[in-house]
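Asks: only the shape, not the letters, is given here:
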């Protein structure tokens, strides 16, 4: 593309740049990229990943001078590894002439973004809808509000911000992903500060503060949403890795947000098995479980279960995997279930091609995955979940299958959807119904 006729560059709308060399090599000259960008006058989507040398004091600064000239730019991603690049990245963003809708930075808790960067960003980018950023905190330098923002992916370096603080800075959110680095909660004996933050959040919401609802709430550890203490309807909640020792915290978060869809990471380990006496994460408090076979209970209807197949664990048999999954869904009201079996899962709102066809996977994990009896897995899950109508099973390095469950009297009939297009349409419709649109 870089060798084509330069007049064509003006018609370029999207450009993704990754790992370009610092010096000319293998017939590629980094200056060619600058030539393209200087002529791509209608570029709308630019993603620069792992090209740190373009944002250092030693660079010729042609890129930081070129980017602000792209007046039609609506999406900008800049991912770097070295924190020394942060000041120049921040300066480049603040000099943009375009009004961005999406801005994403790499998430490094040790970043060196200027202290006043958030406020300057809010003043200059008044149409920003989606922001991904890592920052030391929200309190040492008070942030001004971002009223246009609808989706926030925030990594905090020192401690979790309070719900009132978040809601005041981002009053119109529809999607929230919040992570506190190194943040831990002792649920049996919570720290006084954690109790205080929860009480403040509840009091704030009882008086009408906060968001009336959210489409998506994402966390990696259950401690973050437990302390945040969000108490409003949420369409989809992603809860990170399950641990039975923190079961009551999972129940607490779900009971306050009452989501339609829950994503819960599992593994073939005893700490991922829910003991039968414990209330299901997927059921909400209230209703009469004794009526109509439990139909009086409300609960989540959709679930996505990323299931880690580790290279270092023993006993990852099909029956063991079934036992872990069925311990969570047997007493639920789940109608749609997507089980994904893989060694690693990317931070993504959906199970995509990166899970099905991983670039790297340990040989031991491959061996375990090859020995999984998918037909047995599908049958046992379908028999255990009384309300299940759609079951998707994605197995890394193998395939993805979708099954419809029909009830004919007392019997349950499994029908595999053979058409890949039809299966993908069903998955898209069921799983993306609760996601904030890009």
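Replies: Ah, there it is. What you see is a predicted model; the values in this text were computed from it and never measured.
Asks: so, low pLDDT: which residues of the chain?
Replies: The chain contains residues with pLDDT under 70 at 1-5, 23-28, 57-60, 107, 109, 158, 182, 286-297, 347-349, 434-438.
Asks: the longest helix in it is where?
Replies: Determined from DSSP state H, the single longest helix within the chain is helix 192-206.
Asks: got a list of contacts for that helix?
Replies: Contact partners of helix 192-206, identified using Cβ atoms under 8 Å, 6 or more residues apart in numbering, comprise 160, 162-164, 167, 185, 210, 226-232. C-beta: built from backbone N, CA, C; applies to glycine.
Asks: who wins for neighbours among these?
Replies: residue 160 (27 neighbours; other Cβ atoms under 10 Å).
Asks: ok, it touching residue 228?
Replies: Yes: contact criterion Cβ atoms under 8 Å: residue 160 and residue 228 qualify, at 6.6 Å.
Asks: what's the overlap in contacts for the two?
Replies: With Cβ under 8 Å, 6+ apart as the test, residue 160 and residue 228 both reach 178, 197.
Asks: closest one of the contacts of helix 192-206 to residue 101?
Replies: Closest to residue 101 out of the contacts of helix 192-206 is residue 167 (21.8 Å), distances taken as Cβ to Cβ.
Asks: one step back: each with direction, which strands does the helix or strand following the longest helix of the chain pair with?
Replies: Where DSSP states H and E defines the elements, the next helix or strand beyond helix 192-206 is strand 214-218. Strand 214-218 has the following strand partners under DSSP bridges: strand 175-180 (parallel), strand 234-241 (parallel).
Asks: now do the following helix or strand past strand 214-218: everything it contacts.
Replies: Next along the chain after strand 214-218, taking DSSP H and E as the criterion, comes helix 223-228. Residues outside helix 223-228 that contact it (Cβ under 8 Å, 6+ apart): 160, 162-163, 166, 178-180, 183-185, 187, 194, 197-198, 201, 217, 219, 237, 239, 249, 252-253, 257.
Asks: any of these buried? List them.
Replies: Neighbour-count burial (16 or more other Cβ atoms under 10 Å) applied to the contacts of helix 223-228 gives 160, 162-163, 166, 178-180, 183, 185, 194, 197-198, 201, 217, 219, 237, 239, 249, 252-253, 257.
Asks: where do the helices sit along the stretch 51-200 of the chain?
Replies: Under the criterion DSSP state H, counting those that start in this stretch, the stretch 51-200 of the chain contains helices at 62-66, 86-94, 117-124, 163-169, 192-206.
Asks: one step back: between the strands paired with strand 214-218, which one is nearest to residue 79?
Replies: Closest among these, once you apply Cβ to Cβ, is strand 175-180, at 16.5 Å.
Asks: can you give me the offset of that closest one from its chain's centre?
Replies: 9 Å (Cα atoms, centre = their mean, to the nearest Å).
Asks: report the contact partners of residue 135.
Replies: Contacts of residue 135 (Cβ under 8 Å, 6+ apart): 111, 113, 118, 154, 155, 156, 157.
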